[in-house]
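Asker: need coordinates for the following:
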Amino acid sequence: MIQIGNTYNLRVVKETKFGVYLDAENLNEILLPSKYVPENLGVDDTVEVFLYLDSEDRPVATTQTPKAQLGEFAYLQVKDNNRIGAFLDWGLDKDLLVPFPEQHRPMILGKSYLVFLYLDNEDRITATSQIDKAVLEDDQHDFRPQQEVDLIIANTTELGFKAIVNHSHWGLLYKDEVDQRLSFGQSIPGYIKHIRPDGKIDLSLKSSQQLRENYTQVIQDYLRKHDGYAPLHDKSPPAEISDLLGMSKGQFKKAAGALYKQRVITIEKDGIRLV
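Answerer: Below you'll find the model as predicted:
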């Protein structure tokens, strides 16, 4: 079923002086105004369009690309404020409304906010900055470890960064595993690191292979700077490993084991040594 707020490839069924009409199936024929019609587009051709409502609440199509679609989050700038609410720049000629009741805090002209797009009771595309209502907390998802996902940085906690995973669920990036600057509203690729028993999601900005390669490189760099030796082993306290290498004991053991298998290091009673 075709729905307002999404992008589709639709067939041209009629040409007029106002533009072309597209077959939108359950939504009947929808106008693509002349200013958006690509050159040489004719009857029976298909065109990729985004569907929304015009100023008179009629379905209309555009070839402009919005910064977000229905059911998605985006970090958007306020272009105008009036008695109805705030209007955001989302890439289309018609701005996106955030009604006053849907503003987590009063929106200020020129500032940007993380918002979620939904349809109101009259099927108009609307946004809310009350994102906690839109992100799912339950464990009903099918994410799996090492799955590549899209992340939007949405908040910070004592543990790290809360991120929205694939526009649907909360996940957590631990701060001691983040080696780059992250900003609120930033979109960034990431990976599912671990699914906890309660369904909560731990995230990583690197795949397991990338993390292993990073940790093995850290160990090698340390050894080269310290005459090829590190006084670390299976019985070393986690705090000592963290102080010397900046990684957890589990990460150290996996990386050291990989280097040992590659015959890059030898494992001695009181430490490891570069071959």
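Asker: ok, the residue lying closest to residue 43 once chain neighbours are set aside - contacts?
Answerer: Using C-beta to C-beta, 6 or more residues apart in numbering and skipping the chain neighbours, the partner closest in space to residue 43 is residue 12 (5.3 Å). Every C-beta, even on glycine, is put in place using the N, C-alpha and C of the backbone. Taking C-beta atoms under 8 Å, 6 or more residues apart in numbering as the criterion, residue 12 is in contact with 20-23, 32, 41-47.
Asker: buried subset of those as a PyMOL selection?
Answerer: Buried subset of those, written as a PyMOL selection, criterion 16 or more other C-beta atoms under 10 Å:
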select buried, resi 20+21+22+23+32+41+47
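Asker: take the contacts of residue 12 and lay them out in JSON lines including secondary structure and distance to residue 141.
Answerer: Shown next, in JSON lines, are those (DSSP: H, G, I helix; E, B strand; the rest coil; distance: C-beta to C-beta, whole Å):
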{"residue": "20", "secondary structure": "strand", "distance to residue 141": "40"}
{"residue": "21", "secondary structure": "strand", "distance to residue 141": "40"}
{"residue": "22", "secondary structure": "strand", "distance to residue 141": "35"}
{"residue": "23", "secondary structure": "strand", "distance to residue 141": "35"}
{"residue": "32", "secondary structure": "strand", "distance to residue 141": "37"}
{"residue": "41", "secondary structure": "coil", "distance to residue 141": "40"}
{"residue": "42", "secondary structure": "coil", "distance to residue 141": "44"}
{"residue": "43", "secondary structure": "coil", "distance to residue 141": "44"}
{"residue": "44", "secondary structure": "coil", "distance to residue 141": "41"}
{"residue": "45", "secondary structure": "coil", "distance to residue 141": "39"}
{"residue": "46", "secondary structure": "strand", "distance to residue 141": "34"}
{"residue": "47", "secondary structure": "strand", "distance to residue 141": "34"}
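Asker: pLDDT added to the contacts of residue 12, as TSV?
Answerer: Shown next, in TSV, are these (pLDDT from 0 to 100):
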residue	pLDDT
20	96
21	97
22	97
23	97
32	97
41	94
42	92
43	95
44	95
45	96
46	96
47	97
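Asker: flag every buried residue along stretch 82-91.
Answerer: 85-88, 90-91.
Asker: what's it in contact with?
Answerer: With contact meaning C-beta under 8 Å, 6+ apart, stretch 82-91 is reached by 64-68, 74, 76-81, 95-100, 102-103, 107, 113, 115, 127.
Asker: generate a PyMOL selection restricted to the buried subset of these.
Answerer: Those of these that count as buried under 16+ other C-beta under 10 Å are selected in PyMOL with:
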select buried, resi 66+67+68+74+76+78+95+96+97+98+102+103+107+113+115+127
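Asker: in strands only, show me the contacts of stretch 82-91.
Answerer: Judged by DSSP state E, those include 74, 76-81, 96-99, 113, 115, 127 as members of strands.
Asker: out of those residues, who's nearest residue 57?
Answerer: Distances from residue 57 to the ones in strands among the contacts of stretch 82-91, taken as C-beta to C-beta, are shortest for residue 97 (12.3 Å).
Asker: domains of the protein: list them as residue ranges, please.
Answerer: 6-62, 72-133, 147-206, 209-274 (the TED database).
Asker: the second one: how far from the chain's middle?
Answerer: Per C-alpha atoms, centre = their mean, to the nearest Å, the displacement of domain 72-133 from the mean C-alpha position of its chain is 18 Å.
Asker: same deal with the third one?
Answerer: In terms of C-alpha atoms, centre = their mean, the centre of domain 147-206 is found 9 Å from the chain centre.
Asker: tell me how far the ends of that domain are from each other?
Answerer: 11 Å (C-alpha to C-alpha, to the nearest Å).
Asker: follow-up on the earlier one: out of the ones in strands among the contacts of stretch 82-91, give me the two with the largest separation.
Answerer: Checking the ones in strands among the contacts of stretch 82-91 with C-beta to C-beta, the most distant pair is 74 and 81, at 18.7 Å.
Asker: check contacts around residue 123.
Answerer: 4, 53.
Asker: sec struct for it, please.
Answerer: coil (DSSP: H, G, I helix; E, B strand; the rest coil).
Asker: so what's it scoring on pLDDT?
Answerer: Here the pLDDT value assigned to residue 123 is 87.
Asker: closest to the centroid, which residue in this protein?
Answerer: residue 151 (2.5 Å; C-alpha atoms, centre = their mean).
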